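**Student:** Dropping a prediction and its sequence here:
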Amino acid sequence: MNISKRLKTIADLVDTKRVIDVGCDHGYLDIYLTLYKNCSCIASDISSNAMKSCIENISKYNLNDKIQTIITDGINNIKIKKEDTIVISGMGTNTIIDILNNKELSDTIIISSNNHLEELRRFMVSIGYYINNEVYILEHGIHYVIIKFIKGNKLYNDYDYILGPIVIKDNNYKKYILSHYKDILNKIPSKNDGLLNYYNKIINYIETESI
Ligand SMILES: C[S@@+](CC[C@H](N)C(=O)[O-])C[C@H]1O[C@@H](n2cnc3c(N)ncnc32)[C@H](O)[C@@H]1O
């Protein structure tokens, strides 16, 4: 089966037997993981329409007895084990934080958030995870950073949170994020010293220190 580069990247990061795919929508990730990585998946979504299409797709591949489905908000009513992987992909950081906050979680969590990656990294570290891997991809003109968090501690500085300690070493990402920050810098009024200083520091860090 063909899945998007983004979903394939997520699938490649999975190395546990059981996966809880939160916000599964069409269920393609679950189908791929079941067929090609022999995973046992729980596909969950808050939307009954999304779940309808997920169940139709699961049926097309005859996997009804292999993939469990549940309509629920986040991970409510799902018994998570430490050895599982939780995947959350295609939502914003605020929703992701709402889903994960104050819950029993697995030791491995893979997230592809649509926005606010600094806030996401800070939150995940604050609840006891470190950044195990970060992969940048560009698909259909959209830039994605997929982050794998694992239970444990590591110290990070502000640049790590803002830029990603692993992904910033990827030259393609570096090129993209540098031009992104330069675009922002060019739009800041010259009287706004604080903001100019902030962005100049980040650009300087990317250009000189993030090797
Ligand atoms: C853009 S789709 C992403 C689908 C898939 N995960 C992917 O990455 O291709 C977002 C999905 O998340 C679901 N969703 C949004 N908020 C949710 C929540 N609080 N709990 C569970 N699912 C949620 C939506 O119904 C939708 O199906």
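**Tutor:** Thanks, I have it. Residues are numbered from 1 along each chain as shown.
**Student:** In this structure, where is pLDDT below threshold?
**Tutor:** For the chain, the stretches flagged by pLDDT under 70 are 210-211.
**Student:** what residues does stretch 87-95 touch?
**Tutor:** Contact with stretch 87-95 is made by 6-7, 10, 14, 19-23, 25, 29, 96, 99-100, 109-117, 119-120, 123, 146, as judged by CB atoms under 8 Å, 6 or more residues apart in numbering. C-beta coordinates here come from the backbone N, C-alpha and C atoms, glycine included.
**Student:** when you scan it, is anything in it near the ligand?
**Tutor:** Yes. Using CB under 6 Å from any ligand atom, we find that stretch 87-95 touches the ligand at 89-91, 95.
**Student:** which among those residues end up buried?
**Tutor:** Neighbour-count burial (16 or more other CB atoms under 10 Å) applied to the residues of stretch 87-95 next to the ligand gives 89-91, 95.
**Student:** What is the host helix or strand of Tyr198 packed up against?
**Tutor:** Tyr198 belongs to helix 193-208 when assigned by DSSP states H and E. If you count contacts as 3 or more CB pairs under 8 Å, 6 or more residues apart in numbering; DSSP states H and E, helix 193-208 packs onto helix 158-163, helix 171-187.
**Student:** Export the ones you listed as a markdown table, with columns for mean neighbour count.
**Tutor:** What follows is these, written out as a markdown table (neighbours: other CB atoms under 10 Å):
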| stretch | mean neighbour count |
| --- | --- |
| helix 158-163 | 18 |
| helix 171-187 | 14 |
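**Student:** what residues does this protein put near the ligand?
**Tutor:** 7, 22-25, 45-47, 50, 73-74, 89-91, 95, 99.
**Student:** could you redo the last one with a cut-off of 5 Å?
**Tutor:** 23, 25, 45-47, 50, 73-74, 89-90 (CB under 5 Å from any ligand atom).
**Student:** between the helices and strands packed on helix 193-208, which gets nearest to Glu139?
**Tutor:** helix 171-187 (12.5 Å; CB to CB).
**Student:** Strands of the chain, residue ranges please.
**Tutor:** Taking DSSP state E to define them, one finds strands in the chain at 18-22, 40-45, 68-71, 85-91, 108-113, 129-139, 142-151.
**Student:** Would you tell me which of these gets closest to Glu207?
**Tutor:** Taking the strands of the chain one by one with CB to CB, strand 129-139 is closest: 17.8 Å.
**Student:** Pull up the pairing partners for the closest one, direction included.
**Tutor:** strand 142-151 (antiparallel) (DSSP bridges).
**Student:** List the buried residues in the strand it pairs with.
**Tutor:** 144-150.
**Student:** Need those residues in JSON lines (columns: distance to Asn192).
**Tutor:** Below are the buried residues of strand 142-151 laid out as JSON lines (distance: CB to CB, whole Å):
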{"residue": "Tyr144", "distance to Asn192": "30"}
{"residue": "Val145", "distance to Asn192": "27"}
{"residue": "Ile146", "distance to Asn192": "33"}
{"residue": "Ile147", "distance to Asn192": "31"}
{"residue": "Lys148", "distance to Asn192": "36"}
{"residue": "Phe149", "distance to Asn192": "34"}
{"residue": "Ile150", "distance to Asn192": "39"}
